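**Student:** return a 3D structure for these sequence lines:
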Amino acid sequence: MAHQEPDCLFCRIVRGEIPAKIVYRNDHVLAFRDISPVSPQHVLIIPLRHIASLSDLSPEDEGIAGQILLAASSVPGILGIRESGYRFVFNTGPDAMQSVFHIHGHLIGGKQMGWPPFPA
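**Tutor:** Below you'll find the predicted structure:
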């Protein structure tokens, strides 16, 4: 199994210690429903290996970064939102409100969204 942190919430989900509604999994990434969804479809996509944030990616992580994006391409079809559209968002660091320090992208869709995504 890839490197994991014992107390990391998402590593615990990867290990099956905490239940999650999994929608996609392969040998590199896991996608599961967010417990506090902001849209009708809200899924988190994480690597199985612990990486704290986007800022912690290194050139050696090129493969896992690609796997995250490939999952983000596959999951909308599973959710039935490929044609209507979706967003894939990473919150990185405290100012962006990253609350779990295990890299994760929020794939959200299932409703009309506005731009900019958040009011000033």
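**Student:** so which residues of the protein form helices?
**Tutor:** Ranges of helices in the chain, per DSSP state H, are 9-14, 62-79.
**Student:** looking at those helices, which is buried most?
**Tutor:** helix 9-14 (a mean of 20; mean count of other C-beta atoms under 10 Å). C-beta coordinates here come from the backbone N, C-alpha and C atoms, glycine included.
**Student:** how far off centre is stretch 80-97?
**Tutor:** Stretch 80-97 sits 8 Å away from the centroid of its parent chain (C-alpha atoms, centre = their mean, to the nearest Å).
**Student:** so, low pLDDT: which residues of this structure?
**Tutor:** Judged by pLDDT under 70, the chain has its weakly predicted residues at 1, 118-120.
**Student:** redo the helices of the chain as a markdown table? Include distance to Asp95.
**Tutor:** Listed next are those as a markdown table, based on distance: least, C-beta to C-beta, whole Å:
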| stretch | distance to Asp95 |
| --- | --- |
| helix 9-14 | 20 |
| helix 62-79 | 22 |
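**Student:** first-to-last residue distance for stretch 85-102?
**Tutor:** Terminal residues of stretch 85-102 lie 26 Å apart, using C-alpha to C-alpha, to the nearest Å.
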